[in-house]
Structure formats: structure tokens, C-alpha cells
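Visitor: Sequence below, structure please.
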Amino acid sequence: MEQEQLKQIVAQFDICGTVSEIKPLGAGLINDTFRVNTAEAKCPDYVLQRVNNNIFPNVEMLMDNILAVTTHLRGKLEAAGAKDIDRKVLRYVKLKDGDKYYWTDGSQYWRIMVFIPNAITKQAVNPESAEAAGRAFGKFQADLADIPVQLGETIVDFHNMEFRLRQLREAVAADAAGRVKEVQFYIDEIEKRADEMCKAERMGREGKLPKRICHCDTKVNNMMFDQNDEVLCVIDLDTVMPNFIFSDYGDFLRTGANTAEEDEPNLTKVSFSMNIFRAFTRGYLASASVFLTPAEVENLPYAAALFPYMQCVRFLADYINGDTYYKIQYPEHNLVRTKNQFKLLQSVEENTPAMKAFIADCLK
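Guide: Below you'll find the predicted structure:
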């Protein structure tokens, strides 16, 4: 967009100072993000984002969730006497007119938050960053365990395994691209595990598993670090919503502990890194064990298996449907992704006894 258009959008918000420049920030795949520089030294810079309302259709609920979460986290920091609170929790800016924290022209939705200076994100997953991520996301859940409001689901059924299996079964029944026969092995393997992999939903209905406030996108680049490599805060809060804690634990390990990219065709490169598992789990339990129930702890290895299984189901369904959801670079791309995630799942299953032993040792 042109500078003047962006400046007109920023002008709707109650920011400090005069805008000197607006330029693209980061390479996010969902929202369009810009850094807003101000001319006055006394005023902070800002981050302007266009919310992708195709992914998040209920922007009002989305922002209500985020404000409830950031307000609660800010209150915890204030009560603890923390310094530099604006570096440890995101701060959003109101409109000049009214109480809303987003502006819309009827088709696009925009928001502004205060830019955190001298902070970085990391892309590489190694034992050090994995342990920091585990500690940060575990603390994030722990700090929100007593939030006094009910949050909405910004993406309904996002990590619901029963729903994802229904999608696959509908794809198999329709066989829109005529591909079912060639992938029957993977369909059969998925169905063999279906009952076990849906146990979170069953346990939830039986009252054995609570829903918590989860981040639901626990990648290492969704944290900000200071110059001393200490975690400042968790960012990218659009997917924060009620879910089983497995969402945050298992989703990080699906990407972080895979020894290859999720579309690596050479399956000999794909395995589950126990070094990353141990580091992330050590950090996570250090923060989250204060609120986790025995059932949640017992099923952490299940969570590590659940997410490659779920992603295998999603890639396979899309391949059977004729590649209508995920972007592909070549015709078999989703099939390669399916095979990759299935191989990762098998590696997780092989390592399950060792995972259980390590978790038990952590809690002694």
C-alpha cells in the first residue's frame, strides 16, 4: 500500500507523535505487518497490522481475546513489581474515537501495537532455544490459568482431532481427484490409530481433561528475546483460545523436533529429535507443572504423537481432495508432506517409552 494510505489508517489510532515513515516488517504469512516510525524521541514506534479476516472472520472476538490476555498478563507483571512491562507484554492502541482497538473500512481490519525496541526473534531450533520456548510457553499457560473471562475460539475446531478425521473420511468418500487407491496404505494406518488419537476429545467430554488458555501456535519465532537471549514475551496472539494443553506442547515438537523440513521427500532424514524433546520438556515442566493435572502430564507423549498424526491427516485429506487448501509447488507435494509426517509419527511412537521415562525423571 502507499505511504499516504497507511498514514491515513494510522491516523485513526490514538498514537503518540508524528509518523515519519511506514515500512514492511517481517515476513508473516497470515497478516500484513508494518513498522510505524515516529519523529519525536519521546514517542515509541509502533507496529501496524492488517488482520487477515479470511483466516479470522470474527475480528471483534479476536481482539477481545487478545485484550483480555494482555490485560491479565500485565496485571500479573504489575503485581510482581516487574520493570519495563511494555517490553514483557504487548500493548495495543485504542482508536481516537471510541473504545475499540481495531479499525475497519468495512472490508479490511487494522490494529496497532507498541513496537518493542532492541528485541529479536529467533528462527533456529536448538536445545537452548527449545528450552527457552518450553519455559516461555509453559509460563504463558500458567499465568493465564486463572484468567477470569471466557475466551472465544478464533478458529473453530482448529486442533480437534475428531473434526480432522471427519474431513479425511469425507474426502475419501468423495475421492474427488481419484487418488484414494494410491494412498490406501496411509488411510489404513491412520484408521488403525484413530481411536487412540481422539482420546483428548473423549477425555474432555468425560470431564477428565480441562481446556486451558493456549497459544496454539508455539513456534520458536513467536517469542521476543532481549539482547542477553532472555525471553521478553510471547507474541502473535491471534490463535490464543481455549484448548487442551496438548496444543501448545505437541505443536512445538511437531516442527521443532523434526530433524527435517515437513516437506522433505528423503524420509531417511526424518526423525524425532530426543535432544529437542528433552530441552523443550525440561523448560515446559519447569513453568507449567504448577498447574498441570496428572492426566495432562501422563499424556504429554500422546501430545507429541498427536500433532504429526493430525498434520498427516490434513495433508492427506488435501491431497485426496485435489490440493484445494495447502499451497503446493509440484503435483505430489501434499503426498510428500503426508509421508513425511507419518514417518515423524512412527519415530515419536518408537521414542515413547524414553519420553515417559524422561518426564518421570523431570518431576522427581
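Visitor: only C-alpha atoms for contact and neighbour calcs from this point on.
Guide: OK.
Visitor: Where does Q346 sit: helix, strand or coil?
Guide: Three-state assignment for Q346 (DSSP: H, G, I helix; E, B strand; the rest coil): helix.
Visitor: Would you quantify the distance from it to K7?
Guide: 51 Å (CA to CA, to the nearest Å).
Visitor: again, but for L95
Guide: 14 Å.
Visitor: So which of the two has more stuff around it?
Guide: Neighbours per residue (other CA atoms under 10 Å) separate L95 from K7, with L95 holding more: 19 against 16.
Visitor: Can you tell me how far that one is from I112?
Guide: 9 Å.
Visitor: Find residues that contact each of those two.
Guide: 13, 101-102 (CA atoms under 8 Å, 6 or more residues apart in numbering).
Visitor: Sketch out the low-pLDDT regions of this protein for me.
Guide: 1, 27-29 (pLDDT under 70).
Visitor: Point to the residue nearest the middle of it.
Guide: D217 (0.4 Å; CA atoms, centre = their mean).
Visitor: isn't that residue right next to D248, touching?
Guide: Yes. With contact defined as CA atoms under 8 Å, D217 reaches D248; the gap is 6.8 Å.
Visitor: Kindly check the end-to-end length of stretch 99-111 for me.
Guide: Start-to-end span of stretch 99-111 (CA to CA) is 13 Å.
Visitor: what separates that stretch from the chain centre, distance-wise?
Guide: Distance of stretch 99-111 from the chain centroid (CA atoms, centre = their mean, to the nearest Å) equals 23 Å.
Visitor: burial measure for the residue lying closest to A68 once chain neighbours are set aside, as a count.
Guide: The shortest distance from A68 to any non-neighbouring residue, by CA to CA, 6 or more residues apart in numbering, is to V149 (7.4 Å). Residues within reach of V149, counting by other CA under 10 Å, total 10.
Visitor: measure V149 to L67 for me?
Guide: In terms of CA to CA, V149 sits 11 Å off from L67.
Visitor: The residue nearest to A68 is in what secondary structure piece?
Guide: Assigned by DSSP states H and E, V149 falls within no helix or strand.
Visitor: Does the residue nearest to the centre of the chain belong to a helix, a strand or coil?
Guide: Under three-state DSSP, the three-state class of D217 is coil.
Visitor: And it, its phi and psi?
Guide: phi -150, psi 60 (degrees, to the nearest 10).
Visitor: Tell me how far it lies from I235.
Guide: Taken as CA to CA, the span from D217 to I235 is 10 Å.
Visitor: Give the helix, strand or coil label for A295.
Guide: Under three-state DSSP, A295 comes out as helix.
Visitor: secondary structure element for the nearest residue to G204 once chain neighbours are set aside?
Guide: Counting by CA to CA, 6+ apart, P210 is the residue found nearest to G204 once chain neighbours are left out, at 6.3 Å. Using DSSP H and E, P210 sits in no helix or strand.
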